[in-house]
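Asker: build me a structure from this.
(one chain, ligands or ions: 1)
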Amino acid sequence: MNTSNPGRLDPNGRVIMISGANRGIGAAIAARLRLDGYRLSLGARSPETMAQQSSDDCLCQPFDALDAESPRAWADATMEKFGRIDGLINNAGAAAQFGFEDEDEAKLDHMLEVNLKAPYRLIRAALPHLQASGSGRIVNVTSLAGIRYKRGSAGYAISKFAAMGLNSAARSLLWDDGIRVTAVAPGPVNTDMMPQMGGMTREDVTQPETIADVVALVLAMPNNASVAAVPINAVFEPLP
Ligand SMILES: NC(=O)c1ccc[n+]([C@@H]2O[C@H](COP(=O)([O-])OP(=O)(O)OC[C@H]3O[C@@H](n4cnc5c(N)ncnc54)[C@H](OP(=O)(O)O)[C@@H]3O)[C@@H](O)[C@H]2O)c1
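Answerer: The predicted model follows:
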């Protein structure tokens, strides 16, 4: 409980894991949560390149979504340093063009591995610790491309729709453990991954710091107030 605001969880002492924290949305989330006072466990393929470095309240750890052992090793290292895990931000993601004309399924397999199976494995690795927290939080950074198909890579959309399925299953099955699960689903965001969108400039699209604000709010919401998904539009469109 946050004594100055009983409607919010107190970040003080809480430990949050963030995948893909070295750049883009993940780096913005890390910077924001650091300011909010969380202790952070940051996972990246090249942890030495991160803006944040290991300290008393920050652990920078290798995490490779293509290595099935990596989630467990990262969760174990987090427990060794902090002795608790209160939140997991499944942010690392991969995007590539893949359509029905492609016979080679390597790109589809890669996106399913990074966008679906690695988040699934990270949830499994963190699960006993999130249960022990009593107010565990999982935020899956999915995409509007996982809510409706509009344009672009069919393979990316397939992987993000699947990630929304993971979100729904985890939200339902883990609710009674006090774990709240939310998909944060942006449209185009100003990062290296930003898709070309009909002449939209980097200033026109959503900024990673805004996504970080949304994640910070979702993380701090108490057990009796939870949102299943936060779709974020840079331009108006009707959503289902
Ligand atoms: N930008 C957009 O327009 C947009 C829109 C909707 C949703 N999203 C989602 O937002 C999330 C963050 O993307 P972003 O925009 O910040 O893109 P980004 O700047 O391209 O960053 C992608 C992040 O994912 C990491 N990653 C990729 N493959 C990995 C692997 N095998 N193992 C570990 N980490 C891996 C990258 O690490 P490396 O630096 O090692 O490559 C990087 O940290 C993704 O899930 C993405 O699908 C983005």
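Asker: please work out how many residues are found near the closest residue to Arg32 other than its chain neighbours.
Answerer: Spatial nearest neighbour of Arg32, excluding adjacent residues (CB to CB, 6 or more residues apart in numbering): Ala212 at 3.8 Å. No exception for glycine: its C-beta is placed from N, CA and C like everyone else's. The local packing of Ala212 (other CB atoms under 10 Å) involves 23 other residues.
Asker: for the one helix or strand Ala212 maps to, the distance to its chain's centre please.
Answerer: If you go by DSSP states H and E, Ala212 is part of helix 208-220. In terms of CA atoms, centre = their mean, to the nearest Å, the centre of helix 208-220 is found 11 Å from the chain centre.
Asker: returning to that earlier point: surely the residue nearest to Arg32 meets Ala31?
Answerer: Yes: the pair Ala212 and Ala31 passes the contact test of CB atoms under 8 Å, sitting 7.1 Å apart.
Asker: quick one, strands of the protein?
Answerer: Here the chain has its strands, by DSSP state E, at 15-19, 39-44, 58-62, 87-90, 137-141, 180-186, 229-232.
Asker: how about those strands in TSV, adding distance to Ala106?
Answerer: Supplementary listing: those in TSV, determined by distance: least, CB to CB, whole Å:
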stretch	distance to Ala106
strand 15-19	22
strand 39-44	23
strand 58-62	24
strand 87-90	23
strand 137-141	24
strand 180-186	26
strand 229-232	30
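Asker: pick the most deeply packed of these.
Answerer: strand 87-90 (a mean of 30; mean count of other CB atoms under 10 Å).
Asker: listing partners with orientation, what would you give for that one?
Answerer: As defined by DSSP bridges, the strand partners of strand 87-90 come to strand 15-19 (parallel), strand 137-141 (parallel).
Asker: how big is the angle separating the longest helix along the chain from strand 137-141?
Answerer: In the chain, with assignment by DSSP state H, the single longest helix is helix 154-174. Taking axes from the mean of the first three to the mean of the last three CA atoms, to 10 degrees, one finds helix 154-174 and strand 137-141 inclined to each other by 170 degrees.
Asker: so is stretch 188-203 next to the ligand?
Answerer: Yes: using CB under 6 Å from any ligand atom, stretch 188-203 reaches the ligand at 188-189, 191-195.
Asker: in the residues you listed, find the pair that's most separated.
Answerer: Maximum pairwise distance among these (CB to CB): 12.2 Å, between Pro188 and Asp192.
Asker: so these two - more neighbours on which side?
Answerer: Using other CB under 10 Å as the criterion, Pro188 and Asp192 rank with Pro188 on top: 22 against 7.
Asker: contact partners for that one?
Answerer: Pro188 sits next to 194-195, 197, 200, 205-206, 234 when contact means CB atoms under 8 Å, 6 or more residues apart in numbering.
Asker: chain center to stretch 76-86: distance?
Answerer: 18 Å.
Asker: these two touch, right, Gly187 and Thr206?
Answerer: Yes: assessed by CB under 8 Å, Gly187 is found in contact with Thr206 at 6.5 Å.
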